[in-house]
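Novice: what follows is a protein structure lacking sequence information:
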């Protein structure tokens, strides 16, 4: 009869090591290999953010083939600047109080004129900032899906645009705009019961990467868009509807299947409805109230960083190698491995 091992603890540890070695990594297909551009972003143990290894990644895209989205720090409001191939489009504008911050960014980027300004719906937290911004950096055209008389803010903006000499054009479901070589597809539920439900939704794509801007759509429009467009809504980055205040239909979340969420709100009760759904799916959230978020993509992977709260920008601050007051790292991720990234814990922080 074989003698029992005199080191039972050592034997158990050896079995555990062998078992772990044989277990497949969650979210990664068998025999798949990570490449340089698939470097994962990792959890920061003190927040929802995932942080890349220290220092500027060698593979950070710097060429002209880069699409950049700036998600402004405008409190619980929406304002975005989309830039590619020397063209810039502003999507919503927050309130007028935030115009100096937005103008400082445009000045630092050398933007003297916008290809277009787009308002998703005429509520003050999405339209009021345009007046102050466009009086300094005009747009070739202003797009809106709404008619005169919709809201007081809308009519005030139409009057301001007339004074500035900026033409107004209608934009609606099925329309497509370009920003350089990037594409912006428009979706809308025109018979929504509220102004929010009739908001313009846009999907930005460059190469294999995409981002969905959902404005202030609410439950009925969320469901309707999922039914009407399904997989066409698939996007890596999701701007949460109505500042995170909407609990999204499962079919919508499954259609979009995001890897990262942008929250134009703060943490806590006001954004809990959507944010909790993201946490349930292990999808990280970036809150714009904590500082402007810059997203960059070369069409293959996404790269992001966040600036200090209420920052006024200078060209030096926007240098790709510049460390910001909020993050000492760029956040990087490749959507194909988002599930695997979620399993990595806070390694590298």
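Specialist: Perfect, I can see it now. No experiment lies behind these values; they were computed from the predicted model shown.
Novice: how many residues are close by residue 78?
Specialist: 31 (other CB atoms under 10 Å). Heads up, the C-betas are built off the backbone N, CA and C, glycines and all.
Novice: from residue 306, how far out is it?
Specialist: Noted for residue 78: a distance of 17 Å to residue 306, by CB to CB, to the nearest Å.
Novice: and what of residue 263?
Specialist: 12 Å.
Novice: give me the common contacts of these two.
Specialist: residue 286 (CB atoms under 8 Å, 6 or more residues apart in numbering).
Novice: quick check: beta-bridge partners of residue 116?
Specialist: residue 89 (DSSP bridges).
Novice: repeat that for residue 84.
Specialist: residue 87.
Novice: you'd agree residue 223 is up against residue 252?
Specialist: Yes - assessed by CB atoms under 8 Å, residue 223 is found in contact with residue 252 at 6.7 Å.
Novice: so between the two, which is more surrounded?
Specialist: Using other CB under 10 Å as the criterion, residue 223 and residue 252 rank with residue 252 on top: 24 against 17.
Novice: contact partners for that one?
Specialist: Here residue 252 is in contact with 222, 223, 225, 226, 233 (criterion: CB under 8 Å, 6+ apart).
Novice: hmm, residue 318 is touching residue 108, no?
Specialist: Yes - when contacts are counted by CB under 8 Å, residue 318 is listed as touching residue 108 (5.4 Å).
Novice: pull out the buried positions in stretch 244-255.
Specialist: Under the neighbour-count criterion of 16 or more other CB atoms under 10 Å, stretch 244-255 has 244, 245, 246, 248, 249, 252, 253, 255 buried.
Novice: tell me which element the last one falls in.
Specialist: Following DSSP states H and E, the helix or strand that holds residue 255 is helix 250-256.
Novice: check which element follows that helix along the chain.
Specialist: Remark: after helix 250-256, the chain's next helix or strand is strand 260-263, criterion DSSP H and E.
Novice: and that next one, average pLDDT?
Specialist: Taken as a whole, strand 260-263 has a mean pLDDT of 91.
Novice: can you check stretch 207-227 too?
Specialist: In this model, stretch 207-227 has a mean pLDDT of 94.
Novice: what's the answer for stretch 108-117, then?
Specialist: On average, stretch 108-117 scores 96.
Novice: ok, and what's touching that stretch?
Specialist: Defining contact as CB under 8 Å, 6+ apart, one finds that stretch 108-117 is touched by 83, 87-90, 93, 130, 133-134, 137-143, 166, 177, 179, 313-315, 317-318.
Novice: what comes up buried for that stretch?
Specialist: Buried, per 16+ other CB under 10 Å, within stretch 108-117: 108, 109, 111, 114, 115, 116, 117.
Novice: ok, now stretch 178-186?
Specialist: Using 16+ other CB under 10 Å as the test for burial, stretch 178-186 gives 179, 180, 182, 184, 185, 186.
Novice: so residue 211 touches residue 68, yeah?
Specialist: No - using CB under 8 Å, residue 211 is not in contact with residue 68; the gap is 11.2 Å.
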